[in-house]
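Asker: Got a predicted model here, sequence first, then my questions.
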Amino acid sequence: MSSEQLSVLIVDDEKSVRQVVSRMLGDRYIVLEAMDGEEALDMAHRHQPDIILMDIMMSKMDGYIACSKIKNDQATKHIPVVMVTAVGQGLNKKLAYTMGAEGYITKPFTKQDLLDEISRLVETPE
């Protein structure tokens, strides 16, 4: 699977964060955006992205609950979820993995951090 065809759903309640991540990834992936967990669930169902990069602390529905719902739904459980958060404590990381997340990136992050994690989870080796 080539990276040009892969889609990434960015979920963050801060528009500026979504814009920064979108700029970092837009040259390699189809970028979709959601502003909270509820919208993420809807987008995951409608668009079936190849990977979801999700903030933890959001209004309406936080990233933990949204991740759990995505992972417990037959239609979306195959989509890898990476938590992207300013909260780096071990307990939060453990909870993220318990909820089904396959990755965890702490802010601030670099473009390479994101590319490495996406590559690890969805791109097939050449």
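Answerer: Now that the structure is in, tell me what you want to look at. Just so it is clear, the structure is predicted and the values come from calculations on it, not from any experiment.
Asker: Pull up the distance across stretch 92-111, start to finish.
Answerer: 23 Å (C-alpha to C-alpha, to the nearest Å).
Asker: Start the count at 33 instead of 1 going forward.
Answerer: New numbering, starting at 33: the last item is stretch 124-143.
Asker: pLDDT on it, on average?
Answerer: The pLDDT scores in stretch 124-143 average 94.
Asker: Report the buried residues of that stretch.
Answerer: Across stretch 124-143, burial judged by 16 or more other C-beta atoms under 10 Å covers 124-125, 128, 131-137, 141. The C-beta positions use only the backbone N, C-alpha and C, and glycine is treated the same way.
Asker: any chance of the residues you listed in CSV, with secondary structure and distance to Asn104 too?
Answerer: Formatted as CSV, these follow (DSSP: H, G, I helix; E, B strand; the rest coil; distance: C-beta to C-beta, whole Å):
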residue, secondary structure, distance to Asn104
Asn124, helix, 20
Lys125, helix, 20
Ala128, helix, 15
Met131, coil, 9
Gly132, coil, 8
Ala133, coil, 13
Glu134, coil, 15
Gly135, strand, 18
Tyr136, strand, 19
Ile137, strand, 23
Phe141, coil, 27
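Asker: For those residues, could you give me TSV that also reports distance to Ala98?
Answerer: Putting the buried residues of stretch 124-143 into TSV (distance: C-beta to C-beta, whole Å) gives the following:
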residue	distance to Ala98
Asn124	15
Lys125	17
Ala128	11
Met131	9
Gly132	10
Ala133	10
Glu134	14
Gly135	15
Tyr136	15
Ile137	16
Phe141	20
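Asker: Let me know the closest of these to Gly58.
Answerer: Closest approach between the buried residues of stretch 124-143 and Gly58, by C-beta to C-beta: Phe141, at 16.0 Å.
Asker: Which residue is the nearest non-sequential neighbour of that closest one?
Answerer: Excluding its sequence neighbours, the residue lying closest to Phe141 (C-beta to C-beta, 6 or more residues apart in numbering) is Val116, at 7.0 Å.
Asker: now Gln37
Answerer: Counting by C-beta to C-beta, 6+ apart, Gln37 lies nearest to Ile62, which is 7.7 Å off, once chain neighbours are set aside.
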